[in-house]
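K.L.:
Sequence and computational prediction follow.
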Amino acid sequence: MEVTWAWVFLDLPQAGFDEQLGFWQQVTRSTLSPWRGGRGEFATLLPAEGDPWVKVQRAGGAGGVHVDLEVDDVHEAAGRARDLGAVVLDDLGTLVVCRSPGGFAFCLVAAAAQPRVQVRSGQPSLVDQVCLDVPTDRYAAELAFWTDLTGWAAPGTEPGESGLLPLTRPDGLSLRLLTQRLGQPDGTVTAHLDLACADRVAVTGEHEDLGARVASVHERWTVLLAPGGARYCLTDRDPDTGLLA
């Protein structure tokens, strides 16, 4: 199985939906595609250049984040995911909804006919990483699942002092995956967005002006709360490469 493109879905709750959507449009410097789906629940955030990699949907409950992985053969990939411990929740033909061993929802979707291109050059910040927040007792199994499913290697099997361990993204793909081992022993795997920032202090100020609130500041990242309360991070990484600045 080869992942040919990766999407992040912002699952936005109905409460405060318009405010949250407007915030993420401004943060990503994007325009909104027409709404689609049976209830008009899906849309894509369109960048000024290149192919998109961020979508939004009207979600029930508290909302959250999930990923879609484009693959050449959806059902072969779904079988691989099942063999590795995932649960298949729904099969819609060109899209299969799954849940990882730790409970994180994701989708496998049919690859686009033409190669996709992401334009990163010169951007002050970029939504480019999904961080999987993994309880301690689930960490080893969840890391093994994602490295085996995607084929993206991790530099080791244990995170460092920060509790963070990235997966190596192939050249040309839109999203990175980062794993974070939480202090809590058990629970369901969740996720949050990370943005790579050329100047984290400046970007923090811009996001505060748009309605975000700073939750905590660390040596290499800042935790913020978007309108509606969703947690995300600004990180000291090069927006062009995704690597530590």
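P.N.:
Here it is on my side, so go on.
K.L.:
list the contacts for the nearest residue to residue 65 once chain neighbours are set aside?
P.N.:
In space, residue 65 comes closest to residue 191 once its chain neighbours are excluded; the distance is 4.7 Å by Cβ to Cβ, 6 or more residues apart in numbering. Quick note: C-beta positions are derived from backbone N, CA and C, even for glycine. Residue 191 is in contact with 64-67, 104, 130-133, counting by Cβ atoms under 8 Å, 6 or more residues apart in numbering.
K.L.:
Over to residue 130?
P.N.:
By Cβ under 8 Å, 6+ apart, residue 130 lies in contact with 8, 65, 67, 175-178, 191-194.
K.L.:
Same list (these) but as TSV, adding distance to residue 163 and pLDDT.
P.N.:
TSV is the format used below for these (distance: Cβ to Cβ, whole Å; pLDDT from 0 to 100):
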residue	distance to residue 163	pLDDT
8	21	98
65	19	97
67	20	98
175	20	96
176	17	96
177	15	98
178	10	97
191	15	98
192	14	98
193	17	98
194	14	98
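K.L.:
neighbouring contacts of stretch 54-62?
P.N.:
So stretch 54-62 is contacted by 7-14, 17, 21, 24, 28, 30, 37, 39-45, 68, 127 (Cβ under 8 Å, 6+ apart).
K.L.:
Figure out how far the helix or strand encompassing residue 19 is from the centre of its chain.
P.N.:
Assigned by DSSP states H and E, residue 19 belongs to helix 17-28. Computed by Cα atoms, centre = their mean, to the nearest Å, the chain-centroid distance of helix 17-28 equals 16 Å.
K.L.:
which helices and strands sit right next to the next helix or strand after that helix?
P.N.:
Counting by DSSP H and E, the next helix or strand C-terminal to helix 17-28 is strand 31-32. Judged by 3 or more Cβ pairs under 8 Å, 6 or more residues apart in numbering; DSSP states H and E, the packing partners of strand 31-32 are helix 17-28, strand 42-46.
K.L.:
What strands flank strand 31-32, and is each parallel or antiparallel?
P.N.:
If you go by DSSP bridges, strand 31-32 pairs up with strand 42-46 (antiparallel).
K.L.:
Quick one: work out the angle between the partner strand and helix 17-28.
P.N.:
If you take axes from the mean of the first three to the mean of the last three Cα atoms, to 10 degrees, strand 42-46 sits at 30 degrees to helix 17-28.
K.L.:
residues of the helix holding residue 19 that come out buried?
P.N.:
For helix 17-28, burial by neighbour count (16 or more other Cβ atoms under 10 Å) applies to 20-21, 23-25, 27-28.
K.L.:
Turn these into TSV, including pLDDT.
P.N.:
Converted to TSV, the buried residues of helix 17-28 look like this (pLDDT from 0 to 100):
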residue	pLDDT
20	97
21	98
23	98
24	98
25	98
27	97
28	97
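K.L.:
any chance of those residues in TSV, plus distance to residue 54?
P.N.:
Shown next, in TSV, are the buried residues of helix 17-28 (distance: Cβ to Cβ, whole Å):
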residue	distance to residue 54
20	13
21	11
23	13
24	8
25	10
27	10
28	6
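K.L.:
Farthest-apart pair in those residues, please.
P.N.:
Using Cβ to Cβ, the pair of the buried residues of helix 17-28 lying farthest apart is 20 and 28, separated by 12.5 Å.
K.L.:
got a list of contacts for stretch 234-245?
P.N.:
Counting by Cβ under 8 Å, 6+ apart, 120-126, 128-129, 169, 176, 194-198, 200, 203-204, 207, 220-222, 224 sit against stretch 234-245.
K.L.:
redo that, cut-off 6 Å
P.N.:
Here stretch 234-245 makes contact (Cβ atoms under 6 Å, 6 or more residues apart in numbering) with 120-121, 123, 126, 128, 176, 194-198, 200, 203-204, 220-222.
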